[in-house]
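Student: Kindly return the folded structure for what I paste below:
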Amino acid sequence: MPRRRSPLRLHLGITLISAGSLTWYLSQERGWHAAAAWLTSLNLLVLPLWGFDKTAARRGWTRVPELVLHVCAALGAVPASFFAMQVFRHKTLKPKFRRLYYTFFAIQAIGALLWLEPAARPW
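Tutor: Next comes the predicted model:
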């Protein structure tokens, strides 16, 4: 009997490898700043991931584990995740899920402020 692969490793692996490859292309071949390339790549790849999860939920297929969506959001895909929640009307009735995304957003916004504005750094 063939061994089943973990949907967690499969989805996370495909998403992060694809995002890394696109980041490399944008930063090395197109001259983008690495952080901008990463955020753009990850956010572009997370949208179809949410769409696939919504389709899988409707059709009874193997779903994208929530941990994959959480990891992607924690790594910078919060804008695409919020957009996808509204467009696909997916995971919008889970307050705990949304609170976690608001937390990710707050942490990333503070990090971006500290990185972009040296005068705001407490050190």
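Student: who does the helix or strand hosting Ile14 touch, helix- and strand-wise?
Tutor: Under the criterion of DSSP states H and E, Ile14 resides in helix 7-24. Counting contacts by 3 or more Cβ pairs under 8 Å, 6 or more residues apart in numbering; DSSP states H and E, helix 7-24 is packed against helix 34-59, helix 66-72. Glycine gets a C-beta too; all of them are placed from N, C-alpha and C.
Student: Might one say that Ser18 is in contact with Leu44?
Tutor: No. Using Cβ atoms under 8 Å as the test, Ser18 is too far from Leu44 to be in contact (9.3 Å).
Student: Most tightly packed of the helices and strands packed on helix 7-24?
Tutor: Mean neighbours per residue, mean count of other Cβ atoms under 10 Å, is largest over the helices and strands packed on helix 7-24 for helix 66-72, with a mean of 19.
Student: Tell me what angle the following helix or strand past that helix forms with helix 34-59.
Tutor: Later in the chain than helix 66-72, the nearest helix or strand by DSSP H and E is helix 78-88. Here helix 78-88 runs at an angle of 30 degrees relative to helix 34-59 (axes from the mean of the first three to the mean of the last three Cα atoms, to 10 degrees).
Student: what mean pLDDT does helix 78-88 have?
Tutor: For helix 78-88, mean pLDDT rounds to 93.
Student: Report how many residues lie close to the residue nearest to Ala36 when sequence neighbours are not counted.
Tutor: Leaving aside its chain neighbours, Ala36 sits nearest to Leu26 (7.9 Å; criterion: Cβ to Cβ, 6 or more residues apart in numbering). Leu26: 18 surrounding residues under other Cβ atoms under 10 Å.
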